[in-house]
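Student: Using only what follows, build the 3D model:
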Amino acid sequence: MSLRIGTRGSALALAQTTRVVGMLADRGTEAEIVTITTEGDAATNVPLHAIGGQGVFVRALDDAILRREIDAAVHSMKDIPAERPVGLTCCAVLERDSPADFLVHEAPLDAVRVVGSSSTRRRAQLLRDDPTLAVKQLRGNVDTRIRKLREGQYDAIVLAEAGLQRLGLRLSGEPLPTNRFVPSPNQGTVAVVCRDDPAVTGAFAALDHAPSRLDVEIERAVMEEVGGGCFTPQGIYCRGGDLIAEVLALDGSRWERIERHVTTPDEARACGRALREKGGDLIREAYTALGVKP
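Tutor: Got it, this is the predicted structure:
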């Protein structure tokens with residue numbers, strides 16, 4: 001069968017989708033790429049939390065699958081919301097790439113005073129590490145962000161290291177340690193979403209990487225219990241069952257963290273509930289400050 005695979009039109013999204021199409025071709029399955037514009041791509045001049053969070057990048061592709069305009073879609077898995085429409089399934093999780101954030105800067109590190117990032121998590125973790133930094137909003141695709149850095153609007157910007165690797169970009173800077181800058185849940189992971197139809201899911205089964213799927217399912221279980229979405233600064237990262245999860249104040253001045261070894265999503269859910277209990281005040285403060293209803 002020939003599959004229609006949807007994607008956003010950014011260079012990174014197209015690179016990820018081209019990778020999946022190539023993996024299918026290696027296994028004898030033909031596929032074509034269908035580019036779809038999402039609300040998140042169109043509204044680049046406002047913070048993500050003001051237009052619904054990372055889910056805006058996924059919604060248009062979900063709808064296209066349900067309307068049968070495409071058979072599947074490829075996403076950075078961290079963009080996929082916890083609540084999913086009926087009739088869709090995550091049919092493949094590719095082997096995880098680097099989960100780390102990457103601090104891009106061309107001036108010496110000790111000269112970095114203004115950092116660009118649209119992520120509440122990255123902002124809080126940067127301010128925790130150095131409260132004297134100014135962290136300013138930065139939206140747009142990777143090329144746009146790099147251009148703004150080189151124009152001098154920022155001294156440094158934070159990007160996902162995996163995205164740079166997938167685009168073949170080698171930039172000045174360094175990855176941030178995941179124990180101090182705990183990544184977003186599922187960062188560095190590419191996932192395929194499709195109709196919950198055996199004729200479609202079966203085509204992607206061989207692309208699924210079981211160890212990566214277990215790690216990201218543990219992260220998502222914690223995320224679902226903690227709540228907060230992209231509105232609350234939170235980092236959740238699991239590698240081989242070793243879990244670090246934290247919730248921070250928007251200004252990085254306070255945080256709650258748990259570190260456990262877990263082997264199942266059920267164990268992860270218990271950790272998530274414990275973290276939500278410890279970090280409840282921080283979550284409520286973030287919602288209030290951002291004007292978002294729980």
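
Student: What distance do you get for the closest residue in space to residue 189 that isn't next to it in sequence to residue 183?
Tutor: Take residue 189 and drop its neighbours on the chain: the residue closest to it by CB to CB, 6 or more residues apart in numbering is residue 77, 4.1 Å away. In this view, the C-beta of every residue, glycine as well, is placed from N, C-alpha and C. Separation of residue 77 from residue 183 (CB to CB, to the nearest Å): 12 Å.

Student: just to confirm, which helix or strand has residue 121 in it?
Tutor: Using DSSP states H and E, residue 121 maps to helix 120-129.

Student: for residue 258, same thing?
Tutor: Assigned by DSSP H and E, residue 258 belongs to strand 255-261.

Student: For that strand, enumerate the helices and strands it packs against.
Tutor: strand 242-248, helix 265-290 (3 or more CB pairs under 8 Å, 6 or more residues apart in numbering; DSSP states H and E).

Student: hmm, back to that, between the helix holding residue 121 and strand 242-248, how big is the angle?
Tutor: 80 degrees (axes from the mean of the first three to the mean of the last three CA atoms, to 10 degrees).

Student: what's the helix or strand following helix 120-129 in contact with?
Tutor: Using DSSP H and E, the helix or strand that follows helix 120-129 in sequence is strand 134-136. Residues from elsewhere that reach strand 134-136 (CB atoms under 8 Å, 6 or more residues apart in numbering): 113, 114, 115, 116, 117, 122, 123, 126, 127, 154.

Student: Also stretch 102-117?
Tutor: 123, 126, 132-138, 145-146, 148-150, 153-161, 164, 171-176.

Student: and the angle for the helix holding residue 121 with helix 265-290?
Tutor: 80 degrees.

Student: angle of helix 120-129 against strand 255-261?
Tutor: Using the same axes, to 10 degrees: helix 120-129 against strand 255-261 is 100 degrees.

Student: So which elements touch helix 120-129?
Tutor: Using 3+ CB pairs under 8 Å, 6+ apart, helix 120-129 sits against strand 134-136, strand 234-239, strand 242-248.

Student: Helices of the chain, start to end?
Tutor: Per DSSP state H, the chain carries helices over the ranges 11-26, 39-42, 56-66, 120-129, 142-150, 161-167, 198-204, 210-226, 265-290.

Student: do you know which of those helices lies nearest residue 95?
Tutor: helix 210-226 (5.3 Å; CB to CB).

Student: chain center to the closest one: distance?
Tutor: 13 Å (CA atoms, centre = their mean, to the nearest Å).

Student: okay, it in PDB with CA atoms only?
Tutor: Only the C-alpha atoms of helix 210-226 are listed here, as PDB (Å, rounded to 0.1, in the frame of the first residue of the first chain):
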ATOM      1  CA  ALA A 210      10.700  -0.700  22.400                       C
ATOM      2  CA  PRO A 211      13.300   0.700  24.900                       C
ATOM      3  CA  SER A 212      12.600   4.300  23.700                       C
ATOM      4  CA  ARG A 213       8.900   3.700  23.800                       C
ATOM      5  CA  LEU A 214       9.100   2.500  27.400                       C
ATOM      6  CA  ASP A 215      11.200   5.500  28.500                       C
ATOM      7  CA  VAL A 216       8.900   8.100  26.800                       C
ATOM      8  CA  GLU A 217       5.700   6.300  28.100                       C
ATOM      9  CA  ILE A 218       7.100   6.600  31.600                       C
ATOM     10  CA  GLU A 219       7.700  10.300  31.000                       C
ATOM     11  CA  ARG A 220       4.200  10.800  29.600                       C
ATOM     12  CA  ALA A 221       2.700   9.000  32.600                       C
ATOM     13  CA  VAL A 222       4.400  11.400  35.000                       C
ATOM     14  CA  MET A 223       3.400  14.400  32.800                       C
ATOM     15  CA  GLU A 224      -0.200  13.300  32.800                       C
ATOM     16  CA  GLU A 225      -0.300  13.000  36.500                       C
ATOM     17  CA  VAL A 226       1.500  16.300  37.200                       C
END
